[in-house]
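1. model this:
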Amino acid sequence: IETEFEKFFVLLFNSSSFLSFFVSILALFFTKNLFSLIILPLLFLVSFLLTLVTLNLIADKKARFSEEVLPDLLQLMASNIRAGLTPDKALALSARPEFGILEKEIRNVASKSIAGKPFEEALLELTKKIKSRLIERTVNLIIEGIKKGGEIAKLLEQTANDIRDLKTMKKEISSQVGMYVIFIFIATGIVSPMLFSFSTHLIDTLQTISKEVKIEGGVTAFAQFKFLRFGTATISVDFVKIYALSTSLITSFFSSLIIGLLKEGREKAGIKYIPILAILNVSIFFTSQYVISFVSKVFL
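-> Okay, here's the model as predicted:
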C-alpha cells in the first residue's frame, strides 16, 4: 500500500486521537473517576509514537535488505552494459525477484525512463523510496559516471567490490565489539535491576526496624552530639520502587541505542532491543525482590 506522507500523517493522527479518546471514555465509564481522562494524552502519544517506530523499523529492515543485494544488482547491470545495452535497459534487465523491494523500485525506474523521463531523474527517485545512505551514494556515483561519460561497467564492478569489502569490514568490527555489547546487556538487563531490588529491600528492612526498635535513654545519652538525629525514615518504599523502575526503563532505552550503534553503526538499529531490555529489567527486578524476601523470611 503506497500513500503520500502528508495523508498518512493525518490518518495516523486521527486514528491515534480516536483510539485514545475511546479508551479514555471507557475508563471514565467504568471507574467513574475524572482522573481517567489523564490517560487521554498519554495514550495518544504512546499509540502515535509506537506506530511511527514500527513503520520506521520496517522501512529500515527493507533498506538493509536492499543494501545486502545491491552488489549483485550492480554486477548484473555491469554485465548487461558490457553486452552492449544502455544503462537504463541494463538496469531494467537486472531486476530479479530475489531482490525484493529493490526489484519493484527498479522496475518503476525503468517504466518512468521508458515513458520519457530522463534516466538520471528516474534513478534519483529510487533514493526517495528506499532510505539508505549506501544506495543514495551509489545512485549519485552512477549518475556522475553517466554524465561524465566514464566506463560505467568498470565503475559498477568496482563499486560492487567496494560494497562487499565494506560489509566484511563491518562484520569484523561487529565481532570485535561483541564483548562490549554483552557487557552492556548484562549490566543493564540483569545486574542493575538486581541492585535496585536489593536497595528497595534494604530500605524496607530499615523502615521496619526503625518502627519496632525503641531507644530508651538514647536521646539523653547522645544529647551532646547535636548532629545525631533519631527517627524513622521519611522515604517510602513505593517511591524507591517507582524510582528504580523508572531509572531501569530509561537506562534500557539508552543502552539499546548504544547496542545498536556498536553492532550496526546506527542508533536506530537499537530500537528493537528496547522492549527486550525493558521486559527483562522489570522481570528481574520483581523476581529478585521475591527471592530476597523469601530468603530473608526463611533464614533471618
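2. Dead centre of this protein: give me the residue that sits there.
-> Nearest to the mean C-alpha position of the chain, by CA atoms, centre = their mean, lies Ile271 at 0.8 Å.
3. Looks like that one contacts Ala59 (just checking).
-> No - the criterion here is CB atoms under 8 Å, and Ile271 misses it with Ala59 at 11.9 Å. C-beta coordinates here come from the backbone N, C-alpha and C atoms, glycine included.
4. Quick check: phi and psi at Leu155.
-> Phi and psi for Leu155, reported as degrees, to the nearest 10, are phi -60, psi -40.
5. give the contact list for it.
-> Applying CB atoms under 8 Å, 6 or more residues apart in numbering to Leu155 gives the contacts 141-142, 145.
6. Next: Lys297.
-> Listed by CB under 8 Å, 6+ apart, the contact set of Lys297 is empty.
7. Look up how far Gln289 lies from it.
-> Here the criterion is CB to CB, to the nearest Å. By it, Lys297 lies 13 Å from Gln289.
8. One more: Thr168?
-> Distance, Thr168 to Gln289, using CB to CB: 46 Å.
9. more crowded one of these two?
-> Just comparing Thr168 and Gln289: by other CB atoms under 10 Å the higher neighbour count belongs to Gln289, 20 against 10.
10. Kindly provide the whole-number mean pLDDT of the host helix or strand of the more buried one.
-> If you go by DSSP states H and E, Gln289 is part of helix 274-299. The pLDDT scores in helix 274-299 average 86.
11. in it, what's buried?
-> Buried residues in helix 274-299, counted by 16 or more other CB atoms under 10 Å: 274, 277-278, 280-281, 284-285, 288-289, 292.
12. mind listing which of the contacts of Leu155 are in helices?
-> 141-142, 145 (DSSP state H).
13. Next, the buried residues of the strand or helix carrying Ser111.
-> Per DSSP H and E: Ser111 is located in helix 101-114. Buried residues in helix 101-114, counted by 16+ other CB under 10 Å: 101-103, 105-106, 109-110, 112-113.
14. what's in contact with it?
-> So helix 101-114 is contacted by 62, 65-66, 69-70, 73, 88-89, 91-92, 94-97, 99, 119, 122-123, 125-126, 129-130 (CB under 8 Å, 6+ apart).
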